[in-house]
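Undergrad: Provide a 3D model corresponding to the input given below.
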Amino acid sequence: MRVYLAMVAKRRGVDLSRPLRLARSLLRDVFPVPLETVDAGEWVSPDTALLAWSNEEGADERPPLIVRENRGGLGVSGTLASQRDVRRLSQASALGDVMADLSGCFSVIRVAEADIQAATASTRALSVFYAENEDLHLVGTRALHVHLVANEGTVAWNEVALQTMIRQGYFLSDETPYRGVMALGPSSVITVKDGRRSIVTRALPPAQPMPTSARAKRRAISQLSDALVAAVEPLRTISEPVNLALTGGRDSRLMAALLHAGRVPFRATTNGLAAHPDVTIAGAVAAHLRIDHTVIPPVQTEAKDAVLIPHPDVRTYEVIRACEGMTSAYESIVDYRPYSTTPTMSGQSGEILRGGFLYSQGQTTDKAMRRRVNDFFLKNEPLFTDEANEHARESAAPWLRRVGENPWEVLDHLYVTYRVGRWHAAARVGSLRRGDPIQPFLDNRVVLEALSLDQRWRHSEEVVYQLISRLAPGLQKIELDGEPWRFQAGEAESQRSWWRRKPSTRTPAPPAQKRGGSWNWRTSPGPHLSALLGEFVLERADALASLVRGDELKAFFFDPVVKQPALAWNLYTVAALLTGAFPGKPPTTQGPVRIEIPQH
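TA: Numbers count the residues shown, from 1 in each chain. Now for the predicted structure:
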């Protein structure tokens, strides 16, 4: 993982020494790794500076922490598919001239005398944040770092912006928890020159009409397939197998097919109880591809009648520390381990190839999709104050206007802009601390190719099905966890109807006895965890008073088991954030929480 902070004086004569000292002193709070693992680099001139830190010792194939060329410095976060592109980024007169052509998942900050440029790729999965004060413009990769330097070491909350964290567990805007700090949008370049800041954003590509012939479909699938293969090209020279997090779903299976087709050595790992569909189906996929498959069960009691999870105080502290208050503690982020050069992959964010938020959209009428967009921004509206709801309506307004023009595009682009660009970008910091995962679904070129395909076609899941068929024939026929392939659902329903009309003469087998098979403690928290969450939040109701209504908050936690566990965790996270859970020392007195596994 790399942390960058750039600053430039708004006028001649501003002394950078004090903000530079402050920026260096804050590293413990803004870089969530042990400081003894961190290397540093700097490019400093009288009016401009680029500070950089990394815990990537041993990652020899990475670009230098600061690339020093043309009387300036360049920092690259994430991964580029080709190291030749580093020179293109450092030598281009403007970053926007080359960004669209590059493969990889990355962001860039470049400085020269009295000049800063920074750019995001099409998903902004590697974030860039910006702010200013009376003397400085600041651009960096950690929002808290940018904020503390701009605000002279103290935190000022952007409280009303946190309403979206409570509703969704991530930001549906470019705001951050910190007053005055904004996230740079996808496919955007920010430039600070002569004391002035400007931002240019390249619109996400419009989708082309669905191909009308088999040949045109094959051509479109081939182009997307080629982009995916190019994204994993650097992995062909690795000395050890890629570790793929494999589940029973569609997206990690496509990653398995891609590695197989690319002749990249890999092995699979699945987390879960032995009877969970993820474990059994992933095992079948691994067997088909003849790769090693390791199952990692959750921590259980000796009697295997319960699971043990970190206390919510501990879990929340770690999530806030890594994700800076931009992801809820409901999410299971990857915990810290020493940085490893072993490449890892997963199917996360594969919904980009299935229409973004369209993948979970049941009804596809214009009315239903407009309601879905409204619900994203105004979920649980009665719980919130008038001010919080008005802020949500302001954020929703431009998207609701677009719904009238093209609702399919809105749900597609909302996913890339916020679900990936804000939630995933924050949550993936956990994994970046201990390695730089290769994520083809977030590759700049792959995303641009995918978004150019008709949303209805991607929504049908035929695109993903054909990609798997092309890359690893036969893998697409192994059962899926959940519903069948959407474009085949009508055929499957027809077959089921035929069998209902003509009952089988065979004696049906008794259902298999499962013990906690598909149970998940996050969605079924039980009374003990519900009580812990409720007690914490209600004790801090005053801190949430500008966001949620006190009577509604009490009613929400009235039942012995919370009905919306994610919302409970979101409230817990924001309450902890606003009452000083971080920065500070981690909680040490709270032991793990035991949650009973339901018996079936």
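Undergrad: Skipping adjacent residues, who's closest to residue 28 in space?
TA: Counting by CB to CB, 6 or more residues apart in numbering, the nearest residue to residue 28 once its immediate chain neighbours are dropped is residue 35, at 6.0 Å. For every residue, glycine as well, the C-beta is placed using N, CA and C.
Undergrad: give the contact list for the residue most central in space within the chain.
TA: What sits nearest the mean C-alpha location of the chain, by CA atoms, centre = their mean, is residue 424, with 0.7 Å. With contact set as CB atoms under 8 Å, 6 or more residues apart in numbering, residue 424 has these partners: 123, 125, 348-349, 442.
Undergrad: repeat that for 7 Å
TA: 125, 348-349 (CB atoms under 7 Å, 6 or more residues apart in numbering).
Undergrad: Repeat that for residue 325.
TA: By CB under 7 Å, 6+ apart, the residues touching residue 325 are 177, 577.
Undergrad: Next one: it from residue 111, what distance?
TA: From residue 325 over to residue 111 the distance is 27 Å, taken as CB to CB, to the nearest Å.
Undergrad: Check residue 442 too.
TA: In terms of CB to CB, residue 442 sits 26 Å off from residue 111.
Undergrad: same for the helix or strand hosting residue 145, what does it pack against?
TA: Assigning secondary structure by DSSP states H and E places residue 145 in helix 143-150. Applying 3 or more CB pairs under 7 Å, 6 or more residues apart in numbering; DSSP states H and E, one finds that helix 143-150 makes contact with strand 2-9, helix 17-25, helix 27-30, strand 129-132, strand 136-140.
Undergrad: try 6 Å this time
TA: In this structure, helix 143-150 makes packing contacts with helix 17-25, strand 129-132, strand 136-140, judged by 3 or more CB pairs under 6 Å, 6 or more residues apart in numbering; DSSP states H and E.
Undergrad: Could you spell out the sheet neighbours of the shortest one, each with its direction?
TA: Strand 129-132 has the following strand partners under DSSP bridges: strand 136-140 (antiparallel), strand 182-183 (antiparallel).
Undergrad: Could you count how many residues lie near residue 524?
TA: By other CB atoms under 10 Å, 15 other residues sit near residue 524.
Undergrad: oh sorry, the question was meant for residue 167
TA: Count around residue 167 with other CB under 10 Å applied: 24.
Undergrad: show me where pLDDT drops low in this protein?
TA: Along the chain, the model assigns pLDDT under 70 to residues 300-303, 490-518, 600.
Undergrad: mind listing the helices in the stretch 401-550 of the chain by residue range?
TA: Shown for the stretch 401-550 of the chain, the helices assigned by DSSP state H, counting those that start in this stretch span residues 407-414, 425-427, 429-432, 444-451, 455-459, 462-471, 489-501, 526-539, 550-556.
Undergrad: just so I know, which of these lies nearest residue 314?
TA: Within these, the stretch nearest residue 314 is helix 526-539; the backing value is 11.7 Å (CB to CB).
Undergrad: quick one: contacts of the closest one?
TA: Here helix 526-539 makes contact (CB atoms under 6 Å, 6 or more residues apart in numbering) with 312, 557, 560-562, 568, 571-572, 575, 593, 595-596.
Undergrad: what kind of secondary structure is residue 278 in?
TA: Of the three states, residue 278 takes helix under DSSP: H, G, I helix; E, B strand; the rest coil.
Undergrad: contacting residues for it?
TA: Residues counted as contacts of residue 278 (CB under 6 Å, 6+ apart) are 247-248, 270, 272.
Undergrad: and the residues you listed, which two are the farthest apart?
TA: 248 and 272 (9.3 Å).
Undergrad: Tell me which entries of the contacts of residue 278 lie within strands.
TA: Using DSSP state E, residue 270 are the members of those that sit in strands.
Undergrad: And the contacts of residue 278, which is closest to residue 339?
TA: Checking the contacts of residue 278 against residue 339 by CB to CB gives residue 270 as the nearest, at 23.7 Å.
Undergrad: pretty sure that closest one contacts residue 297?
TA: No: Residue 270 lies out of contact with residue 297 (CB atoms under 6 Å); the separation is 9.8 Å.
Undergrad: what about the two, which has more around it?
TA: Each of residue 270 and residue 297 has its neighbours counted (other CB under 10 Å); residue 270 has more, 24 against 14.
Undergrad: circling back: neighbour-wise, which of the contacts of helix 526-539 leads?
TA: Highest neighbour count within these: residue 571, with 29 neighbours (other CB under 10 Å).
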